[in-house]
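Enquirer: The sequence and its predicted three-dimensional model are supplied below.
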Amino acid sequence: MRTMIFASRTTKEMIRDPLTLFFGLAFPIILLLLLTLINQNIPEAVFTLTNLTPGIAVFGLSFMTLFSAQMIAKDHVSELLTRLFTTPMTAKDFITGYTLPLIPMAIMQTIICYGVSLFLGMELTWKIPFAILTILPVTVLFIGIGLLCGSLFNEKAVAAICGALLTNLTAWLSGTWFSLELVGGWFEKVAYALPFVHAVGMGKAVMQGDYDGILPHLWWVLGYGAGITVLAIYVFSRRIKE
Amino acid sequence: MKAIELHHLTKHYGNELVIRDISLSINSGELFSLLGVNGAGKSTLIKMLSGLLLPTSGKAVILGHDVVKEAKQVKRVIAVSPQETAIAPNLSVYENLDLMAGVHGFSKSEREQKVAAMMHAFSLTPFTKRRSKTLSGGWKRRLSIAMALISEPKILFLDEPTLGLDILARRELWKVITDLKGKVTIILTTHYLEEAESLSDRICILKSGEVKAVGTAEELKSLTAATSFEDAFVTLVEEVAI
């Protein structure tokens, strides 16, 4: 019950924050609309909705990471966590309470992204629900990053690391805006050693009907997701014991 | 009956000794103040007593339970109102109180009763649906103490409860604290000498992590042959004053 009560608090804090709603829901939609408009006004299409939508969906999750990390960091600064650490709440209650509400929010965000793409002319196929499902392991990865950053850093550092660094890494190294193969060299190698391109790659593979192409990306995402989540749980639990 | 007993409690941060071999006891129902200049060790001592920090050596016992070995039992009988307001900013006053009752494991009907009682006791009823971040400093502090008391703790730690408040808000809060006297054992840390003098049953003067004197305000004045409590305090801590 404690977990659910704390999770309910996390949900309320997030949905009542206008910035979270704007960057989490409205901003990815604005990007989709903007890029579709650009596409319509250039002779040779650069972005196709089937390639762009999985990328925007993953990019939107980076903002969710930012806001969850900020909430944990703020709870440290405001000493709400100090207060709660002296109650019977356990590490499991905290971790689940902070992370559980993000899963339905991430799924909703992804559904909205694909919904807008359909509205903009993407073909309605049965691949879409499957592509939405591929966001689940990606959600674990981004929630883990949020928990880790929120546990390690203060609010300012979180804004810099998650707000600036993570969103840029997700944007530049995911292959959403341009082909990584075109850049090549060390940039491509670094990008493929990180999970962002693989997170987008799963959705793209589904949308292109390349089902054999999903698994190699999935292992990368699951590996990073599991590693970061375990590390985040360890760091957060240590923080409680301090 | 003794509510708190400290036996040679010591805390090191690396090579720095922040709490030096403190042994004292606090009676049940007593309002016991910890007074000292910055860095005296007041907050560190409170953190150790509330299980937030592990002592390097020595032992603290709360209502017969060892703070380190029986942390679960201790958490059931204590509550902390930290130095910062420690509230959930986007939750309403009602929701903040409900959150605290919930994490202490009370059922829905018990929570409703407790929240209503606490709102009435702390005159918070007019602000029931108001987001807590919009309250003034004084009302935030009032809510913070109400949140700590909702679990009906036997021991309440108030860490600088009036810090940053104007004199009117401070006086209001003094009334709240005075009303609690005798009902719950209160350990109060403060920078304000007049606050300690007017509210406390006994005062402990800390200097560089060491107890310099313990007694009523009158006893401390007699001890130092001072005419005012301020002079008595200065005499006791002057070796570290800059």
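Expert: Arrived safely, thanks for sending. Numbers count the residues shown, from 1 in each chain, chains lettered A, B, ... in the order given.

Enquirer: Excluding covalently adjacent residues, which one is nearest to residue B:37?
Expert: Spatially, and ignoring its direct neighbours in sequence, residue B:37 is nearest to residue B:237 (5.8 Å; CB to CB, 6 or more residues apart in numbering or on different chains). For every residue, glycine as well, the C-beta is placed using N, CA and C.

Enquirer: backbone phi and psi for residue A:206, please?
Expert: Phi and psi for residue A:206, reported as degrees, to the nearest 10, are phi -60, psi -50.

Enquirer: Quick one: neighbours of it, just the number.
Expert: Counted with other CB atoms under 10 Å in any protein chain shown, the neighbours of residue A:206 add up to 23.

Enquirer: could you say which helix or strand contains the closest residue to it other than its chain neighbours?
Expert: Distances taken as CB to CB, 6+ apart place residue A:131 nearest to residue A:206, at 4.2 Å, with adjacent residues excluded. Applying DSSP states H and E as the criterion places residue A:131 in helix A:127-133.

Enquirer: The following helix or strand past that helix near chain B at all?
Expert: Following helix A:127-133 in sequence order, the next helix or strand is helix A:135-152 (DSSP H and E). No. Shown here: helix A:135-152 not in contact with chain B (CB under 8 Å from any CB of the partner chain), separated by at least 15.1 Å.

Enquirer: which secondary structure elements does helix A:135-152 contact?
Expert: If you count contacts as 3 or more CB pairs under 8 Å, 6 or more residues apart in numbering or on different chains; DSSP states H and E, helix A:135-152 packs onto helix A:49-77, helix A:91-99, helix A:102-119, helix A:155-158, helix A:196-207, helix A:214-241.

Enquirer: List the contacts of residue A:117.
Expert: With contact set as CB atoms under 8 Å, 6 or more residues apart in numbering or on different chains, residue A:117 has these partners: A:32, A:49, A:52, A:53.

Enquirer: repeat for residue B:2
Expert: B:25, B:26, B:27, B:28 are the contacts of residue B:2 under CB under 8 Å, 6+ apart.

Enquirer: same thing but at 6 Å, please
Expert: residue B:25 (CB atoms under 6 Å, 6 or more residues apart in numbering or on different chains).

Enquirer: Give me the phi and psi for it.
Expert: The phi/psi pair for residue B:2 (degrees, to the nearest 10) is phi -80, psi 130.

Enquirer: Could you check how far it is from residue B:153?
Expert: Residue B:2 sits 17 Å away from residue B:153, going by CB to CB, to the nearest Å.

Enquirer: Kindly report the same for residue B:6.
Expert: Here residue B:6 is placed at a distance of 19 Å from residue B:153 (CB to CB).

Enquirer: same question, residue B:28
Expert: Here residue B:28 is placed at a distance of 13 Å from residue B:153 (CB to CB).

Enquirer: neighbour count winner among the two?
Expert: Comparing residue B:28 with residue B:153 by other CB under 10 Å, the one with more neighbours is residue B:153, at 20 against 14.

Enquirer: Residue B:104 - how many residues pack around it?
Expert: 22.

Enquirer: Just the pLDDT for the nearest residue to it once chain neighbours are set aside.
Expert: Leaving out its chain neighbours, the residue that sits closest to residue B:104 by CB to CB, 6+ apart is residue B:151, at 4.2 Å. pLDDT recorded at residue B:151 is 90.

Enquirer: Same check on residue B:8?
Expert: With respect to pLDDT, residue B:8 scores 96.

Enquirer: Show me which residues of chain B sit near chain A.
Expert: B:50, B:52, B:75, B:80, B:82, B:84, B:86, B:88, B:90-91, B:99, B:102-103 (CB under 6 Å from any CB of the partner chain).

Enquirer: Chain B contacts on chain A?
Expert: A:2, A:5, A:9, A:12-13, A:16, A:78-80, A:82-83, A:85-89.

Enquirer: centroid residue for chain A?
Expert: residue A:61 (2.4 Å; CA atoms, centre = their mean).

Enquirer: Contacts only, for that one.
Expert: Neighbouring residues of residue A:61 by CB under 6 Å, 6+ apart: A:106, A:142.

Enquirer: Roughly how far does it sit from residue A:204?
Expert: 15 Å.

Enquirer: Chain B versus residue A:200, what's the distance?
Expert: Using CB to the nearest CB, to the nearest Å, residue A:200 is found at 32 Å from chain B.

Enquirer: surely that residue meets residue A:55?
Expert: Yes. The criterion here is CB atoms under 6 Å, and residue A:200 meets it with residue A:55 at 4.7 Å.
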